[in-house]
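**Q** Sharing a sequence plus its predicted fold:
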2 protein chains.
Amino acid sequence: MALYVQKFGGTSVGSVERIEAVADKVKSFRDAGHDIVVVVSAMSGETNRLLGLASQIMEEPTPREMDVLVSTGEQVTIALLSMALNKRGCPAISYTGGQVRITTDNTHTKARIQTIDEKNMRADLDQGRVVVVAGFQGVDENGNITTLGRGGSDTTGVALAAALKADECQIYTDVDGVYTTDPRVVDSARRMDRITFEEMIEMASLGSKILQIRSVEFAGKYNVPLRVLSSFEDGPGTLITIEDDEKMEQPVISGIAFNRDEAKLTVQGVPDIPGIASKILRPVSDANIEVDMIVQNVGADNHTDFTFTVHRNDYAKAKAILDKVCVELGAREVSGDDKIAKVSIVGVGMRSHAGVATQMFDTLSAEGINIQMISTSEIKISVVIAEKYLELSVRALHSSFELNEQ
Amino acid sequence: MALYVQKFGGTSVGSVERIEAVADKVKSFRDAGHDIVVVVSAMSGETNRLLGLASQIMEEPTPREMDVLVSTGEQVTIALLSMALNKRGCPAISYTGGQVRITTDNTHTKARIQTIDEKNMRADLDQGRVVVVAGFQGVDENGNITTLGRGGSDTTGVALAAALKADECQIYTDVDGVYTTDPRVVDSARRMDRITFEEMIEMASLGSKILQIRSVEFAGKYNVPLRVLSSFEDGPGTLITIEDDEKMEQPVISGIAFNRDEAKLTVQGVPDIPGIASKILRPVSDANIEVDMIVQNVGADNHTDFTFTVHRNDYAKAKAILDKVCVELGAREVSGDDKIAKVSIVGVGMRSHAGVATQMFDTLSAEGINIQMISTSEIKISVVIAEKYLELSVRALHSSFELNEQ
């Protein structure tokens, strides 16, 4: 007998038929004797419909009223799912974020959860009810409706699981788990049974397609075991949890993430003086361009080269900004390349195993792949390579690190 | 400088364009220096869309969840209208029924308002904001969302006006006021500048097409001046208010209501003993058939005839029930007619003027119209006639009582 928080996204509740299927799944857990809190998103398409109405009225709609508007999407789903459960003789009760009550700060459209009152939910669970909660929303201390931003339903699920000290927060998606890498690139990619919070976060470029990274951080912070599994097929999914100290041996690396939508920009011959990095990056971030990797090497002759990567769509805009910055700083020139890709190996095991970086570079070298940039964190090594080598490098690394083996 | 509560129904907010038009109208009142609280319904079609989703899941959906579901309709409208006002530089803030807070009993889908906290609204008005409130909804004492039933937005408007001691509750509709009778039947039907609450209630069969009778009763009880006016054209509309004692002379009658969807049923030769009326009517009302007029005449030989009218759609069902009752009671027979109509003259002036009934009967008689049933209240006289005479009788009475003259 466990307490599970189960989160179903927009696709999983995208039609009345799918809501009925979710009700069947929830009921099967209930029938097995578990206590269930369900968190749901708006039916797929509904949030966009509402945003469309708002955009007909105002280009930048009042944030407070946006939250009043879009929060109706989840409210519709909780009512329909509760009905579907009641129909199955599985007593259920719905709660909006405000009804729970999930209090947030007052940053409309991207609020952060502050407290959760689990009293009502607990009372309902004790009476044998399934509790159905609207994801993605809360209220500020004055009772104004807030939303957590897109994808925020995952965060609601984790926060409820933390507040209720649930045994597991189960995130139902359209994939059956987290893979060692993208199965579309590597045939032998393997679903992982288990991955740590940190690894999942570092796998962001793969994982963010599955669940919101913010919710993984949140789960890690409160040590809520997260399980990613399929809405449509049965299976154990992937458990995201803390590092298992008792395990004799960690795999050296867990997975390979990659991102093909990158472009790199280099300001060459920059005077090597303090504050130069922010002088280069501030105008870029002021233009709302997100910067990913940043590499600056030791310079010579009091000059250095400064390189960073941006999303490929921002390449031209960033280049134009840098051309101006280059003149202002008296740098030599700006060069760039928008045909690059980033490949990362991730694993908590690399902390205790020397030679992981060497093995990675050797593997790429053996395939004749030139490494353009390198960046490392404690459990991740990322390299930038020419985009045309992406698939080749991922397959070679997947094989080299024996990820296809259990 | 007055305080107005302005209620706009589903048709008036049926599209983004119409919501923009409502915003223009509200702003014009605001610019004239008035304080404005707006009550809105769901965009037309939206409530039916939501009911459709529910009915796909359950034939009789859980009432609590129905309220969670359909209350989203108004919530969408308050957000969009507030945005449209903000865009016009007219600061506005939206409130759901729960946020106001409008507390009701816990009779889901047809709750009754118990209290209204006007504190927040008052504070917003004092700061120059337009307050936009979701009609038709509230919360019970435990914070569960409730709805007032269909058309309940009128009631919300009146209740807010009463709580705020507003100068007027303005109900915007698709007609420009209340007429002496249906203009489609009588060309010279005239828009009334003024009518009393009691008259409006007695005109129900006409008036209910314009606004909910329950809200008129509510307005009368709390003496909230109600004004019916057009969303689409400018004009003074019709003010519904208390009787004006200072006026030298009341018009004898104010208007003529009629209803062509009636059918009559008579149980003939019923033993004239106490309790017979309820013995006849209970099985009818148990079958959820609404009874309108009831007439029982003084009998002879310890037997009497008992007649009542029902909606024409219920005629066959009611007849079948009465055929059984007839046998049980030892009555002679059941007769009926589903080709009848009811015509009523209404006016507070008839209290003090003798001869109104006589004038009505004379007028009908002069046209050769036979009166089948008569029923009277203090300010209304209703007759049942053959349906084919409906238009003729309404026109004759409209002319006889000089309703076309101011």
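**A** Received it, and whenever you're ready, just let me know what you need.
**Q** what's the burial count for the closest residue to A:E391 other than its chain neighbours?
**A** Excluding the flanking residues, the one nearest A:E391 by Cβ to Cβ, 6 or more residues apart in numbering or on different chains is A:V185, at 5.4 Å. Yep, even glycine has a C-beta here, placed from its N, CA and C like the rest. If you count neighbours by other Cβ atoms under 10 Å in any protein chain shown, A:V185 ends up with 17.
**Q** ok, A:V185 - contacts?
**A** Applying Cβ atoms under 8 Å, 6 or more residues apart in numbering or on different chains to A:V185 gives the contacts A:258, A:390-391, A:394-395.
**Q** Could you identify the helix or strand that succeeds the helix or strand bottoming out on mean pLDDT in chain A?
**A** Sorted by mean pLDDT, DSSP states H and E, the helices and strands of chain A end with helix A:204-207, the least confident at a mean of 64. Counting by DSSP states H and E, the next helix or strand C-terminal to helix A:204-207 is helix A:213-221.
**Q** So which elements touch that following helix?
**A** In this structure, helix A:213-221 packs against helix A:152-164, helix A:197-202, helix A:204-207, strand A:226-230, with contacts taken as 3 or more Cβ pairs under 8 Å, 6 or more residues apart in numbering or on different chains; DSSP states H and E.
**Q** between the ones you listed, which has the poorest average model confidence?
**A** Mean pLDDT is lowest for helix A:204-207 among the helices and strands packed on helix A:213-221, at a mean of 64.
**Q** picking that back up, closest to chain B among the contacts of A:V185?
**A** Closest approach between those and chain B, by Cβ to the nearest Cβ: A:F258, at 40.6 Å.
**Q** How about the closest one: what's its closest non-neighbour residue?
**A** Leaving out its chain neighbours, the residue that sits closest to A:F258 by Cβ to Cβ, 6+ apart is A:V343, at 4.7 Å.
**Q** again with A:T173
**A** Closest to A:T173 by Cβ to Cβ, 6+ apart is A:I210, at 5.6 Å.
**Q** and the one you found, how many neighbours does it have?
**A** 21.
**Q** Please verify my assumption that it contacts A:V175.
**A** Yes. A:I210 is within contact range of A:V175, at 6.0 Å (criterion: Cβ atoms under 8 Å).
**Q** joint contacts of the two?
**A** A:V228.
**Q** among the contacts of A:V185, which are in helices?
**A** A:390-391, A:394-395 (DSSP state H).
**Q** Restricted to buried residues, select these in PyMOL.
**A** Burial among the ones in helices among the contacts of A:V185 is assessed by 16 or more other Cβ atoms under 10 Å in any protein chain shown; the matching PyMOL selection reads:
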select buried, chain A and resi 390+391+394+395
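**Q** Beyond the helix or strand encompassing A:Y315, next helix or strand please.
**A** Per DSSP H and E: A:Y315 is located in helix A:315-329. Tracing the chain C-terminally past helix A:315-329 and defining elements by DSSP H and E, one meets strand A:333-346 next.
**Q** Could you list every helix and strand in contact with the following helix or strand past that following strand?
**A** Using DSSP H and E, the helix or strand that follows strand A:333-346 in sequence is helix A:356-366. Contact here means 3+ Cβ pairs under 8 Å, 6+ apart; on that basis helix A:356-366 packs against strand A:380-386, helix A:390-400.
**Q** Next one: the residue lying farthest from the centre of chain A from A:G269, what distance?
**A** In chain A, the residue that sits farthest from the middle, by Cα atoms, centre = their mean, is A:D301; the gap is 42.3 Å. As defined by Cβ to Cβ, to the nearest Å, A:D301 lies at a distance of 9 Å from A:G269.
**Q** go on, A:L160?
**A** Taking Cβ to Cβ, one finds A:L160 at 54 Å from A:G269.
**Q** okay, those two: which has more neighbours?
**A** A:L160 (26 against 18).
**Q** if I look at the residue nearest to A:A159 when sequence neighbours are not counted, how far off is A:L239?
**A** Counting by Cβ to Cβ, 6+ apart, A:A159 lies nearest to A:I113, which is 4.9 Å off, once chain neighbours are set aside. Counting by Cβ to Cβ, the gap from A:I113 to A:L239 is 23 Å.
**Q** contacting residues around the helix or strand hosting A:N48?
**A** A:N48 belongs to helix A:46-57 when assigned by DSSP H and E. Helix A:46-57 is contacted from outside by A:10, A:61, A:65-66, A:69-70, A:72-73, A:76, A:150, B:16, B:19-20, B:76, B:79-80, B:83-84, B:87, using Cβ under 8 Å, 6+ apart.
**Q** Output it as PDB, restricted to C-alpha atoms.
**A** Extracted C-alpha coordinates of helix A:46-57, given in PDB (Å, rounded to 0.1, in the frame of the first residue of the first chain):
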ATOM      1  CA  GLU A  46      -6.800  24.000 -25.000                       C
ATOM      2  CA  THR A  47      -4.100  26.200 -23.600                       C
ATOM      3  CA  ASN A  48      -3.200  27.300 -27.100                       C
ATOM      4  CA  ARG A  49      -6.900  28.000 -27.800                       C
ATOM      5  CA  LEU A  50      -7.000  30.300 -24.800                       C
ATOM      6  CA  LEU A  51      -3.800  32.000 -25.600                       C
ATOM      7  CA  GLY A  52      -5.200  32.600 -29.100                       C
ATOM      8  CA  LEU A  53      -8.200  34.400 -27.600                       C
ATOM      9  CA  ALA A  54      -6.000  36.600 -25.500                       C
ATOM     10  CA  SER A  55      -3.700  37.500 -28.300                       C
ATOM     11  CA  GLN A  56      -6.700  38.700 -30.400                       C
ATOM     12  CA  ILE A  57      -7.200  41.200 -27.600                       C
END
